[in-house]
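K.L.:
my questions are about this predicted structure, shown below with the sequence.
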Amino acid sequence: MVRTARSDTATGLALIATAGVTWGTIPLLLDAAAGVHPVVAVFYRVGISAIVIAMIGSVSGMWADVRALDRRTWLGLAANGALLALNWVLFFLGLRLAGVAIGEILGYTGPVWVAALMPIVLRERFDRRVILPLALALGGTIAVLLATAGHEQGTSVLVGAASAFASSVTYSILILNAKRLLTGVKPIVLMLVEDVVAAILLAPALLWLPGPSTPREWGALATLAVVHTVLTGFLFLSGLRRVRADHGAILTYAEPVSGVLFGALFLGQALTPLVIAGGLLVVAGGVLVARMEPTPAIETPSLVPDEAPEGGA
């Protein structure tokens with residue numbers, strides 16, 4: 001029934017929004033682990049996450065699902081693992097070099113790419129209804145940038161900005177490929193393979209880049225892995241299975257806005273009227289997406305299974 005589809009969609013969007021707000025605290029953890037190189041931070045994020053997920057899998061029957069994967073799926077999951085490593089390294093570098101505001105806004109142009117590329121990659125019809133909420137969310141995030149980024153200067157900021165923007169492109173490809181894989185792969189399996197592949201690719205960085213050396217830094221990295229990777233990963237992927245990729249991507253704008261708000265609360269960053277206005281625009285965009293009715297002509301088929309009898313209009 002449509003009511004069931006709407007409830008399932010609302011649940012999916014709520015899960016994604018919760019993950020986004022939680023991800024907004026990542027800059028706080030990077031600040032706590034300021035002595036750790038971003039590449040090493042990503043290694044520990046995926047490495048610890050892989051260990052935790054493997055432990056969960058040992059009591060949940062996950063290993064049978066892993067053994068059942070075919071070669072093509074393995075390749076797709078491995079590709080996502082490489083993209084995950086690249087995406088997080090670029091994003092963390094952007095935050096470290098350009099600051100929270102610039103890193104977050106440029107890193108989160110990704111939903112624009114998702115909406116634009118989804119009809120090509122997933123062969124799903126473009127949903128014109130997302131144009132307004134996407135514009136509101138993007139406009140609100142730009143307002144936050146304008147309000148908070150004026151003090152950032154220097155060559156490192158340009159490098160960080162370029163890195164953050166590049167992360168948005170890898171993010172869009174990551175989301176679209178994950179959406180495709182989730183039609184036949186459980187979220188916990190996808191997360192495990194992604195994390196293992198990413199950890200293997202990043203492990204050589206431990207030989208020459210600075211890592212954690214204090215309890216504060218180890219605690220920040222452990223939290224980044226367990227809460228901001230394992231827990232939010234389950235929330236996000238479970239939500240993504242229930243909604244269109246472009247709808248879900250818009251809700252992730254909760255991250256950059258909440259990141260600036262958390263920065264104001266815990267890092268002493270200024271919270272101006274323009275920041276507040278930008279946050280309200282992002283919330284408005286999310287509300288519009290959450291209120292959209294599932295449409296049989298464009299929705300993922302599983303979301304609207306009982307709209308009409310077989311063969312009906």
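P.N.:
Nice, I can see it. Since the structure is predicted, the reported quantities are computational estimates derived from the model, not experimental observations.

K.L.:
so how far is Thr223 from Glu217?
P.N.:
11 Å (CB to CB, to the nearest Å). Any C-beta I mention is one placed from the backbone N, CA and C, and that applies to glycine too.

K.L.:
pLDDT below threshold where in the protein?
P.N.:
Along the chain, segments meeting pLDDT under 70 span 1-5, 144, 147-154, 269-271, 275, 286-287, 290-313.

K.L.:
show me the contacts for the residue most central in space within it.
P.N.:
Taking CA atoms, centre = their mean, the centroid of the chain lies closest to Thr252, which sits 6.4 Å from it. Residues near Thr252 by CB atoms under 8 Å, 6 or more residues apart in numbering: Ile16, Ala19, Gly20, Trp23, Tyr108, Gly110, Pro111.

K.L.:
thinking again about what came up before, overlap in contacts of Glu217 and Thr223?
P.N.:
Shared contacts of Glu217 and Thr223 (CB under 8 Å, 6+ apart): none.

K.L.:
helices or strands next to the helix or strand hosting Ser163 in the packing?
P.N.:
Under the criterion of DSSP states H and E, Ser163 resides in helix 155-181. When contacts are defined as 3 or more CB pairs under 8 Å, 6 or more residues apart in numbering; DSSP states H and E, helix 155-181 packs onto helix 71-98, helix 100-107, helix 110-121, helix 232-240, helix 245-251.

K.L.:
dump these to JSON lines, plus distance to Phe266 and mean neighbour count.
P.N.:
Formatted as JSON lines, these follow (distance: least, CB to CB, whole Å; neighbours: other CB atoms under 10 Å):
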{"stretch": "helix 71-98", "distance to Phe266": "15", "mean neighbour count": "21"}
{"stretch": "helix 100-107", "distance to Phe266": "11", "mean neighbour count": "28"}
{"stretch": "helix 110-121", "distance to Phe266": "25", "mean neighbour count": "19"}
{"stretch": "helix 232-240", "distance to Phe266": "19", "mean neighbour count": "21"}
{"stretch": "helix 245-251", "distance to Phe266": "23", "mean neighbour count": "28"}
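
K.L.:
thought Thr73 was touching Val185, still the case?
P.N.:
Yes - in this structure, Val185 is within contact of Thr73 by CB atoms under 8 Å, at 6.4 Å.

K.L.:
what's the burial count for Leu192?
P.N.:
Using other CB atoms under 10 Å, Leu192 has 24 neighbouring residues.
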